[in-house]
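Visitor: Let's see this in three dimensions:
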Amino acid sequence: MNRPQPLSKSHQALGLLGWLLVAFGAAAIGGFASASAGEFYRGLVRPSWAPPGWVFGPVWSVLYVLMGIAAWLVWRARGFAGARGALVLFIAQLAVNALWTWLFFVWHQGGLAFAEILLLWALILATMALFWRVSTVAAALLAPYLAWVSFASALTFATWRLNPGLLG
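Guide: I've put the predicted structure just below:
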């Protein structure tokens, strides 16, 4: 595939900022839903291996930075037109990512949240496969995200099953 013409340093920096804003835009959408999640989370029966609530913010912050950098690497290598499928899938999985928080913390739909996080896991894996074709580094940057969502899937399932009255 033809590569776009080399980008200036300022264009690359703006591109990086743009992809980080896209990633953190998804974080903000989820953040609105989780604004009062701390009290709800503390009130849930959780498995013994569940992390304390304060762990999630720092972990997700690092993951969103890695996601933004990964998308930027793909965009930098091929441009949006040259990597349209991979970048559209990346954006789609971000939307699914943001939806989980609403399902779980606002609408208290544990079963739907579990089904949705499995879909998210599959979308991350598919995004990694498409990113791999463009940049192995970009794909590798999504590996911690996939690992965390794997853990979060198990945590979602366990918490849902332990709280049938609160998470319908």
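
Visitor: can you pull out the helices in the chain?
Guide: 9-33, 37-43, 56-82, 84-101, 110-134, 136-141, 143-162 (DSSP state H).

Visitor: Of those helices, which is nearest residue 49?
Guide: helix 143-162 (8.0 Å; CB to CB). C-beta here means a position set from N, CA and C on the backbone, and glycine is covered the same way.

Visitor: give me phi/psi at residue 46?
Guide: Listed backbone geometry of residue 46 is phi -120, psi 160, with angles given as degrees, to the nearest 10.

Visitor: For residue 60, give its distance to residue 120.
Guide: Distance of residue 60 to residue 120, given as CB to CB, to the nearest Å: 13 Å.

Visitor: picking up where we left off before, dump the helices of the chain into JSON lines; add mean pLDDT as well.
Guide: Below are the helices of the chain laid out as JSON lines (pLDDT from 0 to 100):
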{"stretch": "helix 9-33", "mean pLDDT": "93"}
{"stretch": "helix 37-43", "mean pLDDT": "85"}
{"stretch": "helix 56-82", "mean pLDDT": "96"}
{"stretch": "helix 84-101", "mean pLDDT": "97"}
{"stretch": "helix 110-134", "mean pLDDT": "98"}
{"stretch": "helix 136-141", "mean pLDDT": "98"}
{"stretch": "helix 143-162", "mean pLDDT": "98"}
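
Visitor: Just put the ones you listed in a markdown table and tack on mean neighbour count and distance to residue 50.
Guide: Shown next, in a markdown table, are the helices of the chain (neighbours: other CB atoms under 10 Å; distance: least, CB to CB, whole Å):
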| stretch | mean neighbour count | distance to residue 50 |
| --- | --- | --- |
| helix 9-33 | 15 | 18 |
| helix 37-43 | 13 | 9 |
| helix 56-82 | 19 | 10 |
| helix 84-101 | 19 | 16 |
| helix 110-134 | 19 | 14 |
| helix 136-141 | 18 | 26 |
| helix 143-162 | 17 | 6 |
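
Visitor: Pretty sure residue 53 sits against residue 42.
Guide: Yes - counting by CB atoms under 8 Å, residue 53 touches residue 42, with 6.6 Å between them.
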